[in-house]
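Build me a structure from this.
(chains A, B and C)
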Amino acid sequence: MRKSIRKLFVTAVFIIFSVSMITGAACAADTIKLGVAGAHSGDLASYGIPSVKAAELVVKDINSRGGIDGKKVELLVEDDVCKPEVATNTATKLLSQGVNVVMGHICSGATKAALSIYKDANIICMSPSATNPPLTQSGNYPNFYRTIASDDAQAKLEVDYALGVLKVKKIAVLHDKGDYGKGLAEFAKLFIGQDPRGEVVLFEGVTPGAVDYSAVVQKVKRSKAEAVIFGGYHPEASKIVMQMRKKRMKTHFISDDGVKDDTFIKVAGKYAEGVYATGPKDTAKNPMAIAAKKAHQKEYGADPGAFFLEAYAATLALLNAIDKAGSTDYKAIEKALKTEYVETPIGKIKFDDKGDAIGIGFSIYQVQNGVYVEVK
Amino acid sequence: MDYFLELFLGGLTRGSIYALIALGYTMVYGIIELINFAHGEIYMIGAFTALIVISVLTMMGMNTLAILVIAGVIAVIYSSAYGYTVEKIAYKPLRNAPRLSALISAIGMSLFLQNYVLLAQTSDFLPFPNLIPDFEFMEPYAHIIGSTDIVIVITTAIVMIILTFLIKFTRIGKAMRATSQDKTMAMLTGVDVDRVISVTFIVGSATAAIGGVLIASHVGMINFYVGFIAGIKAFVAAVLGGIGSIPGAVLGSFVLGWTESFATGYISSDYEDVFAFLILVFILIFRPAGILGRSERHRV
Amino acid sequence: MFLTFPIMVIRVNPIEKIIEWRWNNLILVGAGSFLISMVWRYMIERKDYGTRKAEAGEKSDQPPLIQRVMKDKRIYTPFLIIVALFACIFPFVFSMYQTNILITALIYVMLGLGLNIVVGLAGLLDLGYVAFYAVGAYTYALLNYHFGLTFWMVLPIGAGMGTLFGILLGFPVLRLRGDYLAIVTLGFGEIIRLILENWNEFSFGPSGIAQISRPSFLGMDMSVHGAIIYMYYIMIALCLFTIFFVNRLQDSRIGRAWIALREDETACQAMGIDKAKTKLTAFALGATWAGMGGVLFAAKTTFVNPASFTIWESIIILCIVVLGGMGSIVGVIVGALILILLPEYLRAFSEYRMLAFGILLVITMVFRPGGIVSDVRRIYQFKGTAETKS
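Below you'll find the model as predicted:
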């Protein structure tokens, strides 16, 4: 048994190269295969499903116009539940199916785990929502692109707003101990520390899903913070805001695009008034964004969810690059992504050398009378 | 001192929340020695039912107090029905099987109920209206303790007293105690064991439902996953107090609530749960049967 | 009892105060539950009938199929060879995806066998098994990140760290029994995860450690596909080693001490077995395997973060052991393959996946409370001891 294994090793090593070459060649079939990976079930599903719908809409649109260079685009949708270990399975499944480009992975952790697999197979991957800075800034993932600003950019904006516009001095930084929230909070802490105008009076993580946050809120109150910067998603944000307001605290609450979600306003109700959140620059006037939202309403009978526009833009950017490059070759797509501008619902974008999008602006929103309004 | 008081009261509320769920856990455990993983889900279903009833009644334009009462009653009935059915389907056929099998069955049931609600309702968080009005006379103290908190603490106390009374002084309570001590012997003395177990599940689920309604209106939102996290914590509380004992469950919950509250307040909320579990480990090392647990029976 | 069902099903959708009455659901579920209840009752009756027959002494002469296969050398040997051959050629016949999920399943086979020592043999209910798994994974991740140690160097270190933690955490819980033990181990599992999550300087917090190198073969660089195939054979070899080891262990002195401990702690002590030592070895050995599993996990995913080590992971591993059949090696293997591969193949059902999984757990337990491959071991053990003594 063991001997046969060892023998097989030797043959395996030889076969590997030929197999990988064959699969590489076999990919150039008659359809362009676009993989869509992300959390489509589990507790983070509400962040992943909108991206699938965005991809479906774009692909339907392009196919109805004859596809790219006469080739139809085929969608391969795979679930990764936002878990790194499942994401590697998802990635290999996509590879086995001969995927050309991948739009996705929603969570940063899952994206990191899957990227190394895509990298070795020379496949470009573009995420609509993975905001972890090292993904682009470390240079370890040359095949990664994203249509969303990274954590540090958001944190910078939040801190500048708090110190510059709101003119607060004492800031409490809270996070949900998650991949996304804690990363953002740490950048916020760093930026406040660098700025002489303000100081961090509290830096704490809250336990996601806990029944109440009264102790943390009490602590914020005791620290006499004038503003809270929170990194995390909307369920925790609304619990904290509600308890702060119930305790009659008027502290400013500034958060990220995980909170800039209509569900937050619905859940927190009247307590949501006055909360600030960062998000992509106002897309209400962008004709493509309006068209995309309309298409979604027509197709699924509901308003699109979180990261929908980013995913729409990512799909467009990828397919446009393939179109411009005239092939699904890695180098050609890479060049097209970095040189050709593309019109998307979030603006006219191209990508810098690291993989971050150029042309996307972030701005601050505030809840006013039950809707998010961009503040100038 | 003010700060201490605030943390103390915060811990008290949190403890009461755990207690409402832990009571059901401890009752079920006391009688069939099963960690009922699906108990947290029953609590979640109670909250969901209440939410549905509330939104229907609000549409009909009823006044708040009536809605609160009706929603509470219906949630209790529903949850009891669920508790009863879960017991019949998933645990009764396993009465004589290895205990771990029943545990896995409970885990399966918990998964099923979670996903059932996820599919039938939605994965999103839903806002839960705050049913308890802000009392006028509480206004000066609103920055320290909310009206909801008071209602929760009082309800917990009432539920605990009722349950203790039920177990100590009624016929069915006597039967329960008999069953938990020795099933076969109880059966021989004419106790309908199946019925006793069913009643236990119904009562346990009813407490969970009351907890569900109150907690949801305190937190202000629910989704299909709230049951699992709360369930684990409540279970820890029940064990801490000595599983199977009603006052133990409440005491354990308060200890847990205070530990978390003070750990957050004076140290860091980063390690809130670490302290909660450390307290658990320490207490169990020195009192292996929990704070108020019965001394162990060594069967030879 | 099923009268309660239809009531439950009048469901409304309170999204934004829009109420959606879904009467057609009611009819559907009503009819469905009626049908299911009929089938259910029939099955339960059949099962009861079966057990009653068994109790009445009409024992069916034929043991279950798998047991027969195990006993009969003529079937058993060719069967084993076929499985072995199949395992060898697997990565060349099936796609990379299939190989990859099989690697995951094999990691869980190892974990399952490790936990089987603690739960199945020694009867200590451990709900925090994932802690040791995390220890192993982070050992490799950190050593690889800071010192660039390779997979083969860290594998024994990871196992050693697992053992160390097993002993450390084992000490305080020696006095506890049953469910108190379960909850304390659960606590330890959570503590380890929370520390990894919060102690940024040490573990890089929730953003985790990326770019962990895959196992290398004589220093050669391999493509992902090659690495996966290589990984697969490593897993097969390690699983075989584990099976061999656990098998030997079961028949050893300490293995019998565990079984005795499981059956009756007090009597076991009276027989002169050092309870503390026996429990501790079970804990430590179980943890060793988890540590190894962790190293493999880190090498496979090339990324670790605390999110992979939640309570659920412990519960799944426990499910593997119990569903497969406690104390039975074949059972654990079957359990792991089913529980890990099933959710992958159930992808077709997409959103109904976990629902189906839950139902399956309940049904398996209700109709086969001893697990899929139950009790093979114990019966054999009994005969074995009887023979050697006589």
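
Now tell me which helix or strand of the chain has the poorest mean pLDDT.
Picked chain A for this. Sorting the helices and strands of chain A by mean pLDDT, DSSP states H and E puts helix A:2-26 at the bottom, at a mean of 41.

other chain: chain B
Least confident helix or strand of chain B, by mean pLDDT, DSSP H and E, is strand B:126-127 with a mean of 74.

After it, which helix or strand is next? Please name it.
Next in sequence after strand B:126-127, counting helices and strands by DSSP states H and E, comes helix B:147-169.

So which elements touch the helix or strand following that following helix?
Using DSSP H and E, the helix or strand that follows helix B:147-169 in sequence is helix B:171-181. With contacts taken as 3 or more CB pairs under 8 Å, 6 or more residues apart in numbering or on different chains; DSSP states H and E, helix B:171-181 sits against helix B:2-32, helix B:147-169, helix B:183-188, helix B:193-219. From N, CA and C alone the C-beta is placed, and that goes for glycine too.

Turn those into TSV, including distance to A:Phe144.
Formatted as TSV, the helices and strands packed on helix B:171-181 follow (distance: least, CB to CB, whole Å):
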stretch	distance to A:Phe144
helix B:2-32	42
helix B:147-169	46
helix B:183-188	61
helix B:193-219	38
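
how about those helices in CSV, adding mean neighbour count?
Converted to CSV, those look like this (neighbours: other CB atoms under 10 Å in any protein chain shown):
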stretch, mean neighbour count
helix B:2-32, 25
helix B:147-169, 17
helix B:183-188, 14
helix B:193-219, 25
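
Would you convert the ones you listed into a markdown table that also reports mean pLDDT and distance to A:Tyr118?
As requested, these are exported to a markdown table (pLDDT from 0 to 100; distance: least, CB to CB, whole Å):
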| stretch | mean pLDDT | distance to A:Tyr118 |
| --- | --- | --- |
| helix B:2-32 | 85 | 44 |
| helix B:147-169 | 86 | 49 |
| helix B:183-188 | 82 | 58 |
| helix B:193-219 | 86 | 40 |
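
Out of these, the one nearest C:Leu80 is which?
helix B:2-32 (41.5 Å; CB to CB).

Could I get the full set of helices for the stretch 151-300 of chain C?
Assigned by DSSP state H, counting those that start in this stretch, the stretch 151-300 of chain C shows helices spanning C:151-170, C:178-198, C:200-203, C:224-251, C:253-263, C:265-270, C:275-301.

angle of the longest one against helix C:151-170?
Just to be clear, that refers to helix C:224-251. Per axes from the mean of the first three to the mean of the last three CA atoms, to 10 degrees, the angle that helix C:224-251 makes with helix C:151-170 is 40 degrees.

now the angle from helix C:224-251 to helix C:253-263?
80 degrees.

Which other helices and strands does helix C:224-251 contact?
helix A:2-26, helix A:84-96, helix A:108-120, helix C:73-93, helix C:96-115, helix C:275-301, helix C:329-345, helix C:376-389.

The same query, at a cut-off of 6 Å, please.
On a contact count with 3 or more CB pairs under 6 Å, 6 or more residues apart in numbering or on different chains; DSSP states H and E, helix C:224-251 meets helix A:2-26, helix C:73-93, helix C:96-115.

So which bits of that helix are buried?
Buried positions in helix C:224-251, judged by neighbour count with 16 or more other CB atoms under 10 Å in any protein chain shown: C:224-236, C:238-239, C:242-243, C:246, C:249-250.

low-confidence ranges in chain C?
Within chain C, the ranges that satisfy pLDDT under 70 run C:1-76, C:90-93, C:217-224, C:346-353, C:370-390.

residues in it within reach of chain B, list them.
Counting by CB under 6 Å from any CB of the partner chain, chain C comes close to chain B at C:1, C:4, C:11-12, C:14, C:172, C:175-176, C:180, C:183-184, C:187, C:190-191, C:194, C:198, C:266, C:315, C:319, C:322, C:354-355, C:358-359, C:361-362, C:365-366, C:369.

So out of everything in the stretch 251-376 of chain A, what residue is nearest chain C?
A:Lys266 (6.8 Å; CB to the nearest CB).

ok, and the closest non-adjacent residue to that residue?
Setting aside the residues directly before and after it, A:Lys266 is nearest to B:Pro127 in space (CB to CB, 6 or more residues apart in numbering or on different chains), at 5.6 Å.

right, and A:Gly35 touches A:His105 too?
No. Between A:Gly35 and A:His105 there is no contact under CB atoms under 6 Å: 9.8 Å.

Which one's more surrounded, these two?
Between A:Gly35 and A:His105, counted using other CB atoms under 10 Å in any protein chain shown, A:His105 has the larger neighbour count: 36 against 28.

Wait, the more buried one touches A:Thr111, no?
Yes. Using CB under 6 Å, A:His105 is in contact with A:Thr111, at 3.8 Å.

so what sits against both of those two?
By CB atoms under 6 Å, 6 or more residues apart in numbering or on different chains, A:His105 and A:Thr111 have these common neighbours: A:Ser127.

on that earlier part again, how many neighbours does the residue of the stretch 251-376 of chain A closest to chain C have?
19.

What of the one 4 residues further on?
Around A:Lys270 there are 9 other residues, counting by other CB under 10 Å.

Repeat that for C:Tyr345.
Around C:Tyr345 there are 10 residues (other CB under 10 Å).

for C:Leu80, same thing?
Burial measure for C:Leu80: 12 neighbouring residues, criterion other CB under 10 Å.

any idea of the angle the host helix or strand of B:Ile77 forms with helix B:2-32?
Using DSSP H and E, the element containing B:Ile77 is helix B:64-86. Taking the same axes, to 10 degrees, one finds helix B:64-86 and helix B:2-32 inclined to each other by 40 degrees.

Quick one: list the elements packing against helix B:64-86.
helix B:39-60, helix B:193-219.

Is the next helix or strand after it positioned near chain A?
Sequence order places helix B:99-120 as the next helix or strand after helix B:64-86, per DSSP H and E. No. Applying CB under 6 Å from any CB, one finds helix B:99-120 separated from chain A by no less than 8.6 Å.

Touching helix B:99-120 from outside, list them.
Around helix B:99-120, the neighbours that count as contacts under CB under 6 Å, 6+ apart are B:34-38, B:41, B:86, B:90-91, B:94, B:224, C:11, C:315, C:319, C:322, C:354-355, C:358-359, C:361-362, C:365, C:369.

just stretch C:139-149 next, same as before
By CB under 6 Å, 6+ apart, the list of residues contacting stretch C:139-149 reads C:Val154, C:Gly158, C:Met161, C:Ile209, C:Ile212, C:Ser213, C:Val295, C:Ala298, C:Val304.

For those residues, which two are the farthest from each other?
Spanning the widest gap among the contacts of stretch C:139-149 are C:Met161 and C:Ser213, at 18.6 Å by CB to CB.

out of these two, which sits in the busier spot?
C:Met161 (24 against 17).

Can you give me the separation between that one and chain A?
From C:Met161 across to chain A, the span is 20 Å (CB to the nearest CB, to the nearest Å).

from what I can see the residue nearest to A:Lys266 touches A:Val267, true?
Yes. Taking contacts as CB under 6 Å, B:Pro127 lies within contact range of A:Val267: 4.5 Å.

list residues touching both of the two?
In terms of CB under 6 Å, 6+ apart, B:Pro127 and A:Val267 are both contacted by the residues B:Met221.

neighbour-wise, which of those two wins?
A:Val267 (27 against 21).

which secondary structure element contains that one?
Assigned by DSSP H and E, A:Val267 falls within helix A:262-268.

can you pull the buried residues of that helix?
By neighbour count with 16+ other CB under 10 Å, helix A:262-268 contains the buried residues A:Thr263, A:Phe264, A:Ile265, A:Lys266, A:Val267, A:Ala268.
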